[in-house]
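Participant: Fold the following.
(2 chains)
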Amino acid sequence: MTNLSINTNLAREILTGFVKSEITRIGISRAVIGLSGGIDSALSCALAAEALGAENVLAVRMPYKSSSKDSLEHAQLLIDQLGIQSVTIEITEMVEPLFKLDPNMSAMRKGNIMARERMIVLYDQSEVFKGLVVGTSNKTEILLGYSTLYGDSASALNPIGDLYKAQVRQLSRAMNIPAPIIDKPPSADLWEGQTDEKELGFTYEEVDELLYLLVDQRYSPLEAIEAGFDKTFVEAVTRRIQRNQFKRMLPPVAKISNRTIGYDFLYLRDWGT
Amino acid sequence: MKLNLALAQINTKLGDVEANLEKHLAYIEQAKAEKTDLLVFPELSLTGYVLQDLVAHVAHKPVDDDPVFKHLLNASRDLDLMVGFVDEDSRHRFFIASAYLSGGKVLHVHHKVYLPTYGLFDEGRFFASGDSVRAFDTRFGRMGMLICEDFWHASPPYLLWLDGADIMLLSSASPGRGLNDKEKLESARWVERVTKAYASMFTSFVAHSNRVGYEDGLHFWGGAMALDPNGETIAHGPYNEEALTFAQLDLNQLRRTRARLPLLRDERINLTASELQRILQK
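Facilitator: Purely as a prediction, here's the structure:
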């Protein structure tokens, strides 16, 4: 059994410091976060509230007509507990016209459209509230590519992207995120009854352990199989990591000049700050 | 003889030398008010760490008429200083460097010898590596400077010891990594373990100054340390925040420790040299 547990005090200190530094260094003091009612966005909200002060955090709830009532209620629990600002903007009327153009539209397409619509709303609120969009993707889903490109993966900074799902849970407990949010099955809530684990075909517990060996400990797939993981599972996960690399980077620019963005024009985002 | 040492674990503005110089001067004033003899800044304290294509833009020469160093040299009339910067040589090679300034003069410049170019590090892409490890004399005795990866290798501290350094000034811009369920980050535990080992094995004073703050997702953890020739901690700065950590070095401790534990006396340099010769000829 791999030990994924972390020193939550230290994680909390480093991650709140990160949110504070990366937002305030460019002269901004506020954050905007899409709050789904799930654990990842709850944790990002809690970190941002601790970093910037509750009054400087805007939680944006963006339900679709089929979104579970629990999601809204759980989001409210967190908003009340943290005392952060909030706004609810329903996306149904924005996405339905597009859905209607194709009666045969798949759930996957609809899910992607909703995720991208939420991104549009969030970035619009970012301008209204004068805050940066704080990301809510964890390391497990980034590695698996379990996200919509330019949808839920879009953000200005991401404090939880180096935490596996199990570590998100551990830190969420330490930060007193309401228990119903921590305990419910993770779901993108894009259609009724959807859960991450049903869709992925494995549990977070299993895949976190495997990813930790493959990524953090640099195990080869073969070594992971020797360590006791099922061969088909290891191969499926390895393939997912590879196939989703495109979601983890900016689109490659075709190089023809001597100095090309992405290859030899190299500066951090924090350039000059 | 006592040396009042201060370790400045500062945050820096990436690529903004002027702003960083202002911060240096403010810390110098603060240290002066506390009767500090020697103030030590972290690696690349005048420039920030992940410089990439900013390297050429932030380079300076440690000379009197340099717009940055003239202020620092002037300040060094009141207290000795060690600062981190990008040094440009006459043939336009760029080095990660530490300069020791005293009495308005540059006593020594060290160019980082080991440039980590693996994992999250990419120094070898942007910098030339130094080609010497030398101790130098100061008004407090003989010292040596090493920069971060230099002391992840055992040979540079060993060479400084043999070259007469009784006080080793180590500086870092060490990105925190390896968070697990332990009390400290893996990177912090590693650095603290080896600095303690060097002080113990070389029966010397060791001081480490590491920066704080963030550059994109990288976080620098601070935790400045001063150790005596017994390997005991004299002072330990806080983690993750700017601080000026003071440590009084009782230089007579060198004599007391080495009278008890004559590791330096018994060190067989010729044996080391002849075995190295043999290994090199293999």
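
Participant: how many neighbours does the closest residue to chain B within the stretch 101-250 of chain A have?
Facilitator: Closest residue of the stretch 101-250 of chain A to chain B, Cβ to the nearest Cβ: A:Asp162 (7.7 Å). (C-beta placed from N, C-alpha, C; glycine too.) A:Asp162 sits with 17 neighbouring residues when counted by other Cβ atoms under 10 Å in any protein chain shown.

Participant: What parts of the stretch 1-150 of chain A come near chain B?
Facilitator: Within reach of chain B by Cβ under 8 Å from any Cβ of the partner chain, the stretch 1-150 of chain A has these residues: A:Asn3, A:Ser5, A:Ile6, A:Asn7, A:Leu10, A:Ala11, A:Glu13, A:Ile14, A:Gly17, A:Phe18, A:Ser21, A:Glu22.

Participant: run the last query once more with 6 Å
Facilitator: A:Ser5, A:Ile6, A:Asn7, A:Ala11, A:Glu13, A:Ile14, A:Phe18, A:Ser21 (Cβ under 6 Å from any Cβ of the partner chain).

Participant: what helices or strands is the helix or strand harbouring the fourth one leaning on?
Facilitator: So the one you mean is A:Ala11. In this structure, A:Ala11 sits in helix A:8-24 according to DSSP states H and E. For helix A:8-24, the packing partners by 3 or more Cβ pairs under 6 Å, 6 or more residues apart in numbering or on different chains; DSSP states H and E come out as helix A:39-52, helix A:165-174.

Participant: Quick one: those helices as a markdown table, columns for distance to B:Glu215 and mean pLDDT too.
Facilitator: As requested, the helices and strands packed on helix A:8-24 are arranged in a markdown table below (distance: least, Cβ to Cβ, whole Å; pLDDT from 0 to 100):
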| stretch | distance to B:Glu215 | mean pLDDT |
| --- | --- | --- |
| helix A:39-52 | 17 | 98 |
| helix A:165-174 | 23 | 98 |
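
Participant: So which of these is the most surrounded?
Facilitator: Across the helices and strands packed on helix A:8-24, averaging neighbours per residue (mean count of other Cβ atoms under 10 Å in any protein chain shown) puts helix A:39-52 on top, at a mean of 26.

Participant: same for it, what does it pack against?
Facilitator: Partner elements for helix A:39-52 (3+ Cβ pairs under 6 Å, 6+ apart): helix A:8-24, strand A:30-34, strand A:57-61, helix A:165-174, helix A:179-183.

Participant: need those in a markdown table with distance to B:Lys182, can you?
Facilitator: Output for the helices and strands packed on helix A:39-52, formatted as a markdown table (distance: least, Cβ to Cβ, whole Å):
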| stretch | distance to B:Lys182 |
| --- | --- |
| helix A:8-24 | 9 |
| strand A:30-34 | 30 |
| strand A:57-61 | 31 |
| helix A:165-174 | 14 |
| helix A:179-183 | 24 |
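
Participant: Among these, which comes closest to B:Leu159?
Facilitator: helix A:8-24 (35.0 Å; Cβ to Cβ).

Participant: So what touches the closest one?
Facilitator: A:47-48, A:50-51, A:132, A:157, A:159, A:171, A:174, B:179, B:214, B:219, B:240 (Cβ atoms under 6 Å, 6 or more residues apart in numbering or on different chains).

Participant: and if we set it to 8 Å?
Facilitator: A:29-31, A:47-48, A:50-52, A:131-132, A:134, A:156-157, A:159-160, A:163, A:167, A:170-171, A:173-175, A:270, B:176, B:179, B:183-185, B:213-214, B:216-217, B:219, B:240 (Cβ atoms under 8 Å, 6 or more residues apart in numbering or on different chains).

Participant: can you give me the strands in chain A?
Facilitator: Assigned by DSSP state E, the strands in chain A fall at A:30-34, A:57-61, A:85-88, A:131-133.

Participant: can the ones you listed go into a markdown table with extra columns for mean pLDDT and distance to B:Glu192?
Facilitator: Conversion of the strands of chain A to a markdown table gives the following (pLDDT from 0 to 100; distance: least, Cβ to Cβ, whole Å):
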| stretch | mean pLDDT | distance to B:Glu192 |
| --- | --- | --- |
| strand A:30-34 | 98 | 34 |
| strand A:57-61 | 98 | 36 |
| strand A:85-88 | 98 | 42 |
| strand A:131-133 | 98 | 35 |
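
Participant: Kindly reformat those as TSV containing mean neighbour count.
Facilitator: Shown next, in TSV, are these (neighbours: other Cβ atoms under 10 Å in any protein chain shown):
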stretch	mean neighbour count
strand A:30-34	26
strand A:57-61	25
strand A:85-88	16
strand A:131-133	22
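
Participant: Alongside chain A, which residues does chain B contribute?
Facilitator: So far as Cβ under 8 Å from any Cβ goes, chain B lies against chain A at B:13-16, B:50, B:52-54, B:176, B:179-185, B:213-217, B:219, B:240.

Participant: Filter those residues down to just the buried residues.
Facilitator: Among these, those scoring as buried are B:13-16, B:50, B:52, B:54, B:176, B:179, B:184-185, B:213-215, B:217, B:219, B:240 (criterion: 16 or more other Cβ atoms under 10 Å in any protein chain shown).

Participant: Please narrow these to those residing in strands.
Facilitator: Using DSSP E, those in strands are B:Gly213, B:Tyr214, B:Glu215, B:His219.

Participant: Not counting its neighbours along the chain, what's nearest the first one?
Facilitator: It stands for B:Gly213. Leaving aside its sequence neighbours, B:Gly213 sits nearest to B:Asn11 (Cβ to Cβ, 6 or more residues apart in numbering or on different chains; 3.1 Å).

Participant: Contacts only, for that neighbour.
Facilitator: With Cβ under 8 Å, 6+ apart, B:Asn11 has these contacts: B:Arg211, B:Val212, B:Gly213, B:Phe220, B:Glu242.

Participant: most neighbours, which of these?
Facilitator: Busiest of the contacts of B:Asn11 [other Cβ under 10 Å] is B:Arg211, holding 28 neighbours.

Participant: now the strands for the stretch 101-250 of chain B?
Facilitator: Using DSSP state E, counting those that start in this stretch, the strands of the stretch 101-250 of chain B run over residues B:105-111, B:136-138, B:141-147, B:167-172, B:205-210, B:212-215, B:218-221, B:225-227, B:233-236, B:243-250.

Participant: of all of the stretch 1-150 of chain B, which residue lies closest to chain A?
Facilitator: For the stretch 1-150 of chain B, Cβ to the nearest Cβ, closest residue to chain A: B:Gln52, 3.9 Å.

Participant: Test my guess that that residue contacts B:Phe126.
Facilitator: Yes - B:Gln52 lies in contact with B:Phe126 (Cβ atoms under 8 Å); the separation is 6.3 Å.

Participant: The stretch 151-282 of chain B: helices as residue ranges?
Facilitator: Here the stretch 151-282 of chain B has its helices, by DSSP state H, counting those that start in this stretch, at B:155-162, B:186-201, B:253-260, B:263-266, B:269-281.

Participant: And chain A, by the same measure?
Facilitator: A:8-24, A:39-52, A:69-82, A:92-100, A:107-129, A:139-144, A:165-174, A:179-183, A:196-200, A:204-211, A:221-226, A:231-243 (DSSP state H).

Participant: Of the ones you listed, which stretch is the most buried?
Facilitator: Most buried among these, counting by mean count of other Cβ under 10 Å: helix A:39-52, with a mean of 26.

Participant: Name the nearest residue to A:Leu149, sequence neighbours excluded.
Facilitator: A:Lys247 is the one closest to A:Leu149 (Cβ to Cβ, 6+ apart), at 5.2 Å.

Participant: burial count for that neighbour?
Facilitator: 18.

Participant: what do you get for B:His111?
Facilitator: 23.

Participant: Check the one 3 residues further on too.
Facilitator: Here the count is done by other Cβ under 10 Å, and B:Tyr114 has 19 residues near it.
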